[in-house]
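generate coordinates for the sequence data below:
(one chain, ligands or ions: 1)
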Amino acid sequence: MAGGGYAAAQGDGRRYEGGVTAFVVITCLVAAMGGLMFGYDIGISGGVTAMDSFLKPFFPHVYKKQHGNHEENMYCKFDDHVLTLFTSSLYLAALIASFFASATTRRFGRKMSMMFGGLVFLGGAILNGAAVNVAMLIVGRLMLGVGVGFANQSVPVYLSEMAPANLRGALNIGFQMAITIGILAANLINYGTSKIKAGWGWRISLGLAAVPAILFTIGSLFLPDTPNSILERGNHEKAKKMLQKIRGTNNVDEEFQDLVDATMAAKQVEHPWKNFTGRKYRPQLIICTFIPFFQQLTGINVIMFYAPVLFKTLGFGDDASLMSAVITGVVNVVATMVSVYCVDKLGRKALFLEGGVQMIICQVLVAVIIGRAFGTEGEGEMSKSVSSLVLFLICAYVAAFAWSWGPLGWLVPSEICPLEIRSAGQATNVSVNMFFTFVIGQFFLSMLCHMKFGLFLFFGGFVIIMTIFIYYLVPETKNVPIEEMNRVWKEHGFWSKYVSNDDVTGRTSSPP
Ligand SMILES: OC[C@H]1O[C@](O)(CO)[C@@H](O)[C@@H]1O
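Numbering: from 1, shown residues only. Below you'll find the predicted structure:
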């Protein structure tokens, strides 16, 4: 999820009246469509670029390379910058669009950003499904990227502003959940469409992205804007009425007053970025920058984008490659559910550390097995049992990511930022994430060609560094109300020097 940032943010520890109304349920469904759009994009391109019927007309040189000379190093079969641009261009567009989206979301409301995102995305899906040349494909991908940028910026904000306070944390991970379901749906659709003999299956794969986009656009047409957004744009009366409507009760005074206070406080911060880079917020700045960077440097998107290509490279047949992608997709969804269940029981740190160690073990083993089978020359074969073992290890790696860095990569940055730096923290998290998603998307195939099986050790090395980072620098934030977060920094061996005693509220400053 590009940014469940506002979730679990305001009002923790307080009980407002009103609960789950039809508005909240519909909000969740529409927001889920936004997550599906993003996930669908992540999962669809790898399968499509593994289809001969797609490669032949659009990337004939890759097709030839793959089918021609058998002496070609197997690590390099798919190394082609235009092919990777097809995958990665989306994330670059999303990164740039999210800056514009942030201003639109503030000035014209969340709903407007969502509608705009949905429409542009729909245009991209149509263009891709109907593509007759590479330009149409790339322009389509860029449009999808703009849609994703707007949706990912506005949906999480919309979601957490609509949700009752006690549901915000769950909805935060819920959005990541929708992403993983989108990836799985894409894997399944690729599996089905690759069987269409006439060779236009890839058009269905790319065109079907229109389905979540239509539902998302229509949904956002009918949804109201959030009370926070109405208030932000100065309409006090209307904002209060809206809050009463979505909470299903007239007794919203306490929550409304908190909203008004929060809006006023946010308006008083003239330079949120300057604020964010100030010494006092150093822990947040470092964590909001490094967590998304590390999340992508786990190498997860190698699997999410290129699983079918990777499995094909390892010598799996066409069908087996796509099926293996479906298997990793299922593991991703199920393991994300594990996280939803465990995050408040075991805590963030335990999940991060366990996930990290499990990923390292899997990556080292995969590197050793591939290295032994194909060497540095990229020649050789893998027996059935060994390739099943590789598939198993990749699934164990995906599971580890999905209950740790996947959802926590969004949850932790969102819960450590107080209101006055929340939007800056959120924007940093989203843009660093998108940027490194782009980098991995663009350079993975080329890195595989040059680093060979060592690539898995490269990502494994990063996982070692990030696990140490978590161990020493990220405090446990389970069950800590946002407004008491400074206590956590103050008690931390390294960060305590950045936080003054005056900033600490909560347990240490309140009477026992
Ligand atoms: O579920 C895996 C997916 O989750 C993300 O890390 C977003 O949180 C994506 O970059 C990745 O494709």
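
and residue 476, its phi and psi?
Main-chain dihedrals, residue 476, degrees, to the nearest 10: phi -70, psi 130.

residue 347 is in contact with that one, correct?
Yes. Proximity of residue 476 to residue 347 meets the contact threshold set by CB atoms under 8 Å, at 5.1 Å. C-beta here means a position set from N, CA and C on the backbone, and glycine is covered the same way.

look up how far the ligand lies from residue 142.
According to CB to the nearest ligand atom, to the nearest Å, residue 142 and the ligand sit 18 Å apart.

residue contacts, that residue?
89-90, 93, 124 (CB atoms under 8 Å, 6 or more residues apart in numbering).

relative to residue 35, which of those residues is nearest.
Using CB to CB, residue 90 comes nearest to residue 35 of these, at 15.4 Å.

neighbours of that closest one, how many?
30 (other CB atoms under 10 Å).

again, but for residue 244
Residue 244 has 18 nearby residues by other CB under 10 Å.

what's it sitting at in phi/psi?
The phi/psi pair for residue 244 (degrees, to the nearest 10) is phi -60, psi -40.

which parts of the stretch 101-250 of the chain sit against the ligand?
176, 179-180, 183 (CB under 6 Å from any ligand atom).

possible to save those as CSV with secondary structure, pLDDT and neighbour count?
Shown next, in CSV, are those (DSSP: H, G, I helix; E, B strand; the rest coil; pLDDT from 0 to 100; neighbours: other CB atoms under 10 Å):
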residue, secondary structure, pLDDT, neighbour count
176, helix, 87, 25
179, helix, 93, 31
180, helix, 96, 29
183, helix, 95, 28
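
pull the most distant pair out of these.
176 and 183, at 10.7 Å, using CB to CB across these.

can you report how many residues lie near whichever residue of the chain sits closest to the ligand?
Nearest residue of the chain to the ligand, counting by CB to the nearest ligand atom: residue 304, 3.9 Å away. Using other CB under 10 Å, residue 304 has 27 neighbouring residues.

residues of the stretch 251-400 of the chain that sit close to the ligand?
Counting by CB under 6 Å from any ligand atom, the stretch 251-400 of the chain sits next to the ligand at 295, 300-301, 304, 332.

flag whichever of those residues scores worst on pLDDT.
Lowest pLDDT within those is found at residue 304 (90).

show me the contacts for it.
Contacts of residue 304 (CB under 8 Å, 6+ apart): 42-43, 46, 183, 332.

at 10 Å instead, please
Listed by CB atoms under 10 Å, 6 or more residues apart in numbering, the contact set of residue 304 reads 39, 42-43, 45-46, 179-180, 183, 186-187, 325, 328-329, 332, 398, 401, 437, 440-441.

that one: helix or strand, and which one exactly?
helix 300-313 (DSSP states H and E).

quick one: secondary structure of residue 380?
coil (DSSP: H, G, I helix; E, B strand; the rest coil).

SS state for residue 250?
coil.

just give me the neighbour total for it.
Residue 250: 13 neighbours (other CB under 10 Å).

just the one 10 residues further on next, same as before
Burial measure for residue 260: 16 neighbouring residues, criterion other CB under 10 Å.

who's in contact with it?
227-228, 231, 236, 239-240.

again, but for residue 364
Residue 364 neighbours (CB under 10 Å, 6+ apart): 393, 456-457, 460-461, 463-464.

one more time with 6 Å, if that's ok
Residue 364 makes contacts with residue 460, as judged by CB atoms under 6 Å, 6 or more residues apart in numbering.
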